[in-house]
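Undergrad: Structure for the following, please:
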Amino acid sequence: MRFAYLITAYDNAEHLVALVNRLCPPGTRDVAIIHIDAKSDLRHQAGAIAAANPAVRLVARPVAVHWGHANMLKAIRLLLREAMGHDFTHAHLISGSDWPLVSRERRVAEFGNRCWIEAVSGVQAERMEVRRFDSRYLRPDPSKPFDWYRARLLKELSFRLPRRTRRPFGEWHKGLSWWSLPRDVCETVLKEMDRGFAMGVFKGVIVGDEHAVQTIVAHHYPDRIERHRHFLRWPEGAASPAWLTHADWAMARASDAWFARKLSVVQAPFLLDEAAA
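TA: Sure thing, here's the model as predicted:
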């Protein structure tokens, strides 16, 4: 079994390098494929990140990722396409703020031919059916000027238009963005994502990374789906998971998850002191 770690990264080069070194120690046959957000300052450190571990492969032409925007789907598509050029058998989509909770041997023993992904039918399907013209304005950067009038106008326009009824992959499913899939499933996902982009299905969707792959897997491989293996802590009413601390670590390690997020070796240096998970 050879793993491809598909990593979406935005910042915190120190954690990213530590994560890759933990996942791909010397002599590994696994590969870490990294998509660095094109608008991130992290791109200036891409060469050093790649040089730090021979298992690293960088996506050559990354996209600028905005929260909720379809470019997150483009980033996943680029990661999958790059992965297909490597000899992997199973893939994990994780973020640059993840950390492994269990050993590689345990993941090998438990993975099998199954799809470890969350996919619940009929939840927030409007994200994929309403063409949002304001998707680039969903989570503005407070350090930059923001055109609130334009954002509000585009949002109102989006909801005045009829919903799209086209469902090329079947009824929309929703789940956590992060997943672990065998290679044959990854091949199907990439093929169907290519078809979806060619049809314009993903134009104007929001948070499509919680729907597209989940829907494709749910309709092609329903009998192979198992629960996702990520540990996260969501504060009530929050739009994103909390940063984990040492106080959360015992609960994370006691779970049956393979990975935890969000973490940083800068904020949680104890991660480096532990034996390799």
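Undergrad: buried residues in stretch 93-111?
TA: Judged by neighbour count using 16 or more other CB atoms under 10 Å, the buried positions of stretch 93-111 are 93-102, 104, 107, 111. Every residue, glycine included, has its C-beta placed from N, CA and C.
Undergrad: can you check stretch 259-269 too?
TA: 259-265, 268.
Undergrad: Which ones among these map onto strands?
TA: 259-261 (DSSP state E).
Undergrad: State the mean pLDDT of stretch 179-186.
TA: Average pLDDT, stretch 179-186: 98.
Undergrad: ok, and what's touching it?
TA: 80, 83-84, 88-93, 107, 111, 113-118, 189, 213-214, 217, 220-221, 224, 228-229, 258 (CB atoms under 8 Å, 6 or more residues apart in numbering).
Undergrad: Give me the buried entries from these.
TA: Using 16+ other CB under 10 Å, the buried ones in the contacts of stretch 179-186 are 80, 83, 88, 90-93, 107, 111, 114-118, 189, 213-214, 217, 220-221, 224, 228-229, 258.
Undergrad: List the residues that contact the residue nearest to residue 61 when sequence neighbours are not counted.
TA: With CB to CB, 6 or more residues apart in numbering as the criterion, residue 61 has its nearest non-adjacent residue at 7.5 Å, and that residue is residue 78. Neighbour list for residue 78: 35, 59, 61-63 [criterion: CB under 8 Å, 6+ apart].
Undergrad: again with residue 111
TA: 1, 90, 180, 182.
Undergrad: which of these count as buried?
TA: 90, 180, 182.
Undergrad: Now the last one: phi and psi?
TA: This points to residue 182. phi -70, psi 160 (degrees, to the nearest 10).
Undergrad: what about it, distance to residue 3?
TA: Counting by CB to CB, to the nearest Å, the gap from residue 182 to residue 3 is 11 Å.
Undergrad: which neighbours do those two share?
TA: By the contact definition CB under 8 Å, 6+ apart, residue 182 and residue 3 are jointly contacted by 89-91.
Undergrad: just checking, residue 132 touches residue 158?
TA: Yes: with contacts counted by CB atoms under 8 Å, residue 132 reaches residue 158, the gap being 4.7 Å.
Undergrad: Same drill for these two, tell me which one is more crowded.
TA: Higher neighbour count among residue 132 and residue 158: residue 132, with 23 against 16, using other CB atoms under 10 Å.
Undergrad: what residues are up against the more buried one?
TA: Applying CB under 8 Å, 6+ apart to residue 132 gives the contacts 154-155, 158, 204-206.
Undergrad: hmm, try it at 6 Å
TA: Residues in contact with residue 132 (CB atoms under 6 Å, 6 or more residues apart in numbering) are 158, 204, 206.
Undergrad: Any figure for the gap between it and residue 176?
TA: Taking CB to CB, one finds residue 132 at 21 Å from residue 176.
Undergrad: Strands of this protein, start to end?
TA: 3-9, 31-36, 56-58, 90-95, 98-100, 115-116, 120-121, 173-174, 179-182, 225-226, 230-231, 259-261.
Undergrad: Give the residue spans of the stretch 151-277 of the chain that score low on pLDDT.
TA: Scanning the stretch 151-277 of the chain for pLDDT under 70 picks out 275-277.
Undergrad: Okay, helices next: where are they in it?
TA: For the stretch 151-277 of the chain, the helices defined by DSSP state H, counting those that start in this stretch cover 183-199, 212-220, 246-254, 270-273.
Undergrad: if we can go back for a sec, could I get the ones in strands among the buried residues of stretch 259-269 as a markdown table with distance to residue 239?
TA: Compiled in a markdown table, those are given as follows (distance: CB to CB, whole Å):
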| residue | distance to residue 239 |
| --- | --- |
| 259 | 21 |
| 260 | 19 |
| 261 | 15 |
